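Participant: task: produce atomic coordinates for the following.
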Amino acid sequence: MTRRVYIETYGCQMNVADSELMFGVLAGAGYERTDEPAIADVMLVNTCAVRDNAEQRVIGRVGELQRHKRPGDVLGVVGCMAQRLGPALLAQAPRVDLVVGPDAYRSLPELVGHAAEGERRSETEFRSWEHYEDVPAIREPGPTQFVTVQRGCDYRCTFCIVPYTRGPERSRKLDDVVREVRSLVEAGASEVTLLGQTVNSYHDGESDFADLLRGVGAVDGLKRLRFTSPYPTEFTERVIEAMAQTTAVCEHVHLPVQSGSNAVLRRMLRRYTRETWLEVVDRLRRAMPGITFSTDVIVGFPGETEAQFGETLSLLREGGVDEAYTFKYSLREGTPATRLKEFVPDDVASDRLARLIDLVREQSRSRNLGRVGQVHEVLVERPARKGGMMLGRSRTNFLVLLDLPASARGQYHTVRLTGTTGSTFTSVPSASRGLDVL
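Facilitator: Okay, the predicted model is just below:
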């Protein structure tokens, strides 16, 4: 009888890639993927532990999925939240049968088998050697794909749970990454995003991130190469030179800053200053004219004063950031920041977050209005949520609405930007290129 597995994914792109990996592991044991939990024999929730509200959403969702359980079915929590809580999650959620961390996915068939027989299991051991090189991921077909090149993190930012949920940093061999990217391109992908917790610190013992960019960028048929998330101080001259000289590398960098205050950055144990971050932005702009930037910002970190929050606002203006992902500080049990004093009241943090979002939206809209009239190459990615349009993305990471049929997915078109809602552009075919497929 066919056994079916359903996986629901929360969190970052790396979790998406891990879900694809788990589908691959379980397919090797005879399971088929389903998008319907009601008919699944195994239901897995792939989790994020970066913020408390993400964990609370997972707890609520696990409660909802319980109603689909039949005798012999397995309900499991996997990923970073599973790693963080371990066996305690089994006690907290009595109908959860399985708790599996990111380094134990290879054991899923065995663990699922035990759980189906009534033996609840938790497996959260770190395996510093694990890259799952021999496990073919099962991906949704499409023009864009994620490739994990690095797992774990050696940085110890005081607010961050990732080093405790994904273990120490380790990088895959460059040749293995290139081989995977080549296979994805042969299957129809033309854009790949390289994933790592601090991706530009990649080093496989022989090759660094600059070598990786050049090696992957040379894959025949790959038109676009992106990466996330880098660490500011890892943008060496070699890396920036490789970015500028590798045609496939897109003119956009997501460059987390977290705070514009040096005092707050020190308490966060970030290994750069405000000035260093701005210098990296300047070096990248000089090497790659027209490059755009997005960033991550945390407000309300313990001890943050109103003046220090003001430094964050001024940094975003000075740096000319195009987009920012903004968050209130979320206390994570087990991280050093829990020992800091002077916690910022929630109402104060909420007010700062609202003001930060207002600035980001205003700045994004202003910068994007100045781009109306520009001509860009756009990759058609997916249907827009409404209006019968398609949604595409420029090399600079602009989202663009396109009046094209669904069959255009995966095509490249040259368009002129005609307007903006602040975050998304409208467009018409470029007069110089029409709607020729590139």
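
Participant: only C-alpha atoms from now on, for both contacts and neighbour counts.
Facilitator: Will do.

Participant: sec struct for residue 18, please.
Facilitator: helix (DSSP: H, G, I helix; E, B strand; the rest coil).

Participant: ok, how many other residues are close to it?
Facilitator: Residues lying near residue 18 (other CA atoms under 10 Å) number 21.

Participant: now do it, the pLDDT please.
Facilitator: pLDDT recorded at residue 18 is 95.

Participant: which ones are touching the residue nearest to it when sequence neighbours are not counted?
Facilitator: In space, and not counting its chain neighbours, residue 18 is closest to residue 102: 7.8 Å by CA to CA, 6 or more residues apart in numbering. Going by CA atoms under 8 Å, 6 or more residues apart in numbering, residue 102 touches 18, 78, 79, 80, 83, 124, 165, 166.

Participant: what does residue 401 give?
Facilitator: So residue 401 contacts 384, 389, 390, 391, 392, 424, 425, 426, 427 (CA under 8 Å, 6+ apart).

Participant: C-terminal to the one helix or strand it maps to, what's the next element?
Facilitator: Assigned by DSSP states H and E, residue 401 falls within strand 399-402. Remark: after strand 399-402, the chain's next helix or strand is strand 412-420, criterion DSSP H and E.

Participant: parallel or antiparallel, list what pairs with that following strand.
Facilitator: strand 375-383 (antiparallel), strand 424-429 (antiparallel) (DSSP bridges).

Participant: want to throw those strands into TSV with mean pLDDT, mean neighbour count and distance to residue 230?
Facilitator: Formatted as TSV, those follow (pLDDT from 0 to 100; neighbours: other CA atoms under 10 Å; distance: least, CA to CA, whole Å):
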stretch	mean pLDDT	mean neighbour count	distance to residue 230
strand 375-383	96	22	23
strand 424-429	94	20	25
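
Participant: list the contacts for the nearest residue to residue 227 once chain neighbours are set aside?
Facilitator: The shortest distance from residue 227 to any non-neighbouring residue, by CA to CA, 6+ apart, is to residue 194 (4.4 Å). Going by CA under 8 Å, 6+ apart, residue 194 touches 146, 147, 148, 149, 225, 226, 227, 228.

Participant: from these, which land in strands?
Facilitator: 146, 147, 148, 225, 226, 227, 228 (DSSP state E).

Participant: redo those residues as CSV? Include neighbour count.
Facilitator: Converted to CSV, those look like this (neighbours: other CA atoms under 10 Å):
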residue, neighbour count
146, 22
147, 21
148, 21
225, 22
226, 23
227, 23
228, 21
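
Participant: most widely separated two among those residues?
Facilitator: 148 and 225 (13.1 Å; CA to CA).

Participant: that older thread, in the sheet, who's paired with the residue nearest to residue 227?
Facilitator: residue 147, residue 227.

Participant: how far away is it from residue 316?
Facilitator: 26 Å (CA to CA, to the nearest Å).

Participant: state the helix or strand in which residue 318 lies.
Facilitator: Going by DSSP H and E, residue 318 is part of helix 306-319.

Participant: which residues sit against that helix?
Facilitator: With CA under 8 Å, 6+ apart, helix 306-319 has contacts from 259-261, 263-264, 274, 278, 281, 299, 352, 356, 359-360, 363.

Participant: sort out which of those are in strands and list them.
Facilitator: residue 299.

Participant: show me the helices in the stretch 251-400 of the chain, by range?
Facilitator: 262-268, 274-287, 306-319, 346-369 (DSSP state H, counting those that start in this stretch).

Participant: what of the stretch 51-200 of the chain?
Facilitator: Counting by DSSP H, counting those that start in this stretch, the segments of the stretch 51-200 of the chain that form helices are 52-65, 80-85, 87-92, 108-116, 162-166, 174-186.

Participant: enumerate the positions of the first one that are buried.
Facilitator: In this case it means helix 52-65. Of all the residues in helix 52-65, those buried under the rule 16 or more other CA atoms under 10 Å are 55, 58, 59, 62, 65.

Participant: closest to residue 286 among those residues?
Facilitator: residue 55 (41.0 Å).

Participant: what's the local residue count around residue 385?
Facilitator: 9.

Participant: do you know how far it is from residue 420?
Facilitator: Using CA to CA, one obtains 16 Å as the distance from residue 385 to residue 420.

Participant: with residue 372 instead?
Facilitator: Residue 372 is 7 Å from residue 420, by CA to CA.

Participant: neighbour count winner among these two?
Facilitator: residue 420 (20 against 16).

Participant: what sits against the residue nearest to the more buried one when sequence neighbours are not counted?
Facilitator: Leaving aside its chain neighbours, residue 420 sits nearest to residue 426 (6.0 Å; criterion: CA to CA, 6+ apart). When contacts are counted by CA under 8 Å, 6+ apart, residue 426 touches 400, 401, 402, 417, 418, 419, 420.
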